[in-house]
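>>> from the sequence below, what's the structure:
(2 chains)
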Amino acid sequence: KAGVTQTPRYLIKTRGQQVTLSCSPISGHRSVSWYQQTPGQGLQFLFEYFSETQRNKGNFPGRFSGRQFSNSRSEMNVSTLELGDSALYLCASGPGTSGGDTQYFGPGTRLTVL
Amino acid sequence: AQSVTQLDSHVSVSEGTPVLLRCNYSSSYSPSLFWYVQHPNKGLQLLLKYTSAATLVKGINGFEAEFKKSETSFHLTKPSAHMSDAAEYFCVVSDRRTGTASKLTFGTGTRLQVTL
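Numbers count the residues shown, from 1 in each chain, chains lettered A, B, ... in the order given. Got it, this is the predicted structure:
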């Protein structure tokens, strides 16, 4: 079974621009979650989508948004980029039946904001 | 509310000696607990998972962890370290009630260094 894939793997943007990251979950998984990893803040939960609906949201500004398509693929968008948005963005997929489900992570997208 | 405390930010062991990475958790509900490993410039790989079936959980690559409710701990161990074990390890907690949203709460990580 193919794992979680994320595209692109690396991105360089400038302040004020916007960016869209993509995540394809493991086949059959209906839940997709996004996490931000930085040296200072560690791994932080952004949001989770299940069956095309945002089911849970972390404590991030509205510049961070996402969506999920009918095939469970998900995109994350960050508008008006700031230097502090530079991070590794990780996507995880799971069955979505409970919070105790195992989450499988993709390789991440490394975003650098200049 | 849930939280995880990894008691050591950095652990250094010699190859062939035991590994102990310590984790304490706090959860308002019955938790699921995980250990994930992250090698440099890589994503997160699941080492092992505790639900409620057994308090001693065996994972991949010889790692295991013991759930101790009375101590709210979930320490990760390995009898003999290998050079390839050098990586960042994360203890993670989530709410395992059926129907709850999937949200993992991560500890701050423990960097394991393995020396010759």
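>>> what's near enough to touch the closest residue to chain A within chain B?
The nearest approach of chain B to chain A comes at residue B:96, 2.6 Å away (Cβ to the nearest Cβ). C-beta: built from backbone N, CA, C; applies to glycine. Remark: with contacts taken as Cβ atoms under 8 Å, 6 or more residues apart in numbering or on different chains, residue B:96 is in contact with A:98, A:99, A:100, B:29, B:30, B:31, B:32, B:51, B:52.
>>> check which residues of stretch B:36-51 are buried.
B:36, B:37, B:38, B:43, B:44, B:46, B:47, B:48, B:49, B:50, B:51 (16 or more other Cβ atoms under 10 Å in any protein chain shown).
>>> filter those residues by proximity to chain A?
Among the buried residues of stretch B:36-51, the ones lying near chain A by Cβ under 8 Å from any Cβ of the partner chain are B:36, B:43, B:44, B:46, B:49, B:51.
>>> reformat those residues as JSON lines; add secondary structure.
Formatted as JSON lines, these follow (DSSP: H, G, I helix; E, B strand; the rest coil):
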{"residue": "B:36", "secondary structure": "strand"}
{"residue": "B:43", "secondary structure": "coil"}
{"residue": "B:44", "secondary structure": "strand"}
{"residue": "B:46", "secondary structure": "strand"}
{"residue": "B:49", "secondary structure": "strand"}
{"residue": "B:51", "secondary structure": "coil"}
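>>> could you report the neighbour count for the closest residue to the residue of chain B closest to chain A other than its chain neighbours?
Nearest in space to residue B:96, with sequence neighbours left out and distances taken as Cβ to Cβ, 6 or more residues apart in numbering or on different chains, is residue A:100 at 2.6 Å. For residue A:100, the neighbour count with other Cβ atoms under 10 Å in any protein chain shown is 24.
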